[in-house]
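In: Prediction below, plus the sequence it came from.
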Amino acid sequence: MTAVRAARPEDAAELARVSRAAIEESAAEHYTPAQRAVWARRRTEEAHARYVEVTVVLVAEVDGAVAGFASVAVEPVDGLVPGEVDQLFVAPWAGGRGVARALLAGVEDVARAAGLPALVTHASWRAAPVFARYGYRQVAVETVPVDGEELTRARMVKDLAG
């Protein structure tokens, strides 16, 4: 069973580990080794500690182990807009266990409680089908430079009204 809770500052190292594993393993068929390397390098313990500090980060656990996490901004911060789902990472071992579904449901609960009308994300090609399954629609393809590499992704939105 998947349990979802609020992230704590002491989760930062485990969140960094889960995100790097998801990038290196789960996204392998969608991005080149060089693209994954520059993306994964940004997933530091310090960066995750900052996410926990300034956004709502939800952690999913399966049998007491961190299986994934997601974050959503409820106010403008660090370049994020309100309703921006900045992260959704599931540990490779936890795929297909309802972890993403539980996290995205939690994100929606947080957004609705904050009175946000919509959610937006910049989904990797690995994550885009997951977001689509839960009602997000692709509105653009984006290409972003990351440390000398270019990564493409899908800008996706979900209306929370109605």
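Out: Ah, there it is.

In: Counting neighbours, what do you get for residue 157?
Out: Using other CB atoms under 10 Å, residue 157 has 16 neighbouring residues. All C-beta atoms are positioned from the backbone trio N, CA, C, and that covers glycine.

In: tell me the SS of the nearest residue to it once chain neighbours are set aside?
Out: Spatial nearest neighbour of residue 157, chain neighbours left out: residue 120 (5.0 Å); criterion: CB to CB, 6 or more residues apart in numbering. Per DSSP: H, G, I helix; E, B strand; the rest coil, the local secondary structure of residue 120 is strand.

In: hey, where'd the strands end up in this structure?
Out: 2-6, 56-62, 65-72, 84-90, 118-123, 137-146, 149-159 (DSSP state E).

In: Quick one: closest of these to residue 20.
Out: Of all those, strand 84-90 sits nearest to residue 20, with 9.0 Å by CB to CB.

In: And the average pLDDT for that closest one is what?
Out: Taken as a whole, strand 84-90 carries a mean pLDDT of 97.

In: Give me the sheet partners of it and which way each runs.
Out: Within its sheet, strand 84-90 is paired with strand 65-72 (antiparallel), strand 118-123 (parallel), according to DSSP bridges.

In: Of the ones you listed, which stretch is the most buried?
Out: strand 65-72 (a mean of 24; mean count of other CB atoms under 10 Å).

In: List the contacts of it.
Out: Applying CB atoms under 8 Å, 6 or more residues apart in numbering, the contact partners of strand 65-72 are 2, 7, 11, 14-15, 18-19, 22, 51, 55-61, 83-91, 93-94, 97, 99-100, 103-104, 106-107, 110-111, 119.

In: Could you identify the buried members of these?
Out: Among those, those classed as buried by 16 or more other CB atoms under 10 Å are 2, 7, 11, 14-15, 18-19, 22, 51, 55-61, 83-91, 94, 97, 99-100, 103-104, 106-107, 110-111, 119.
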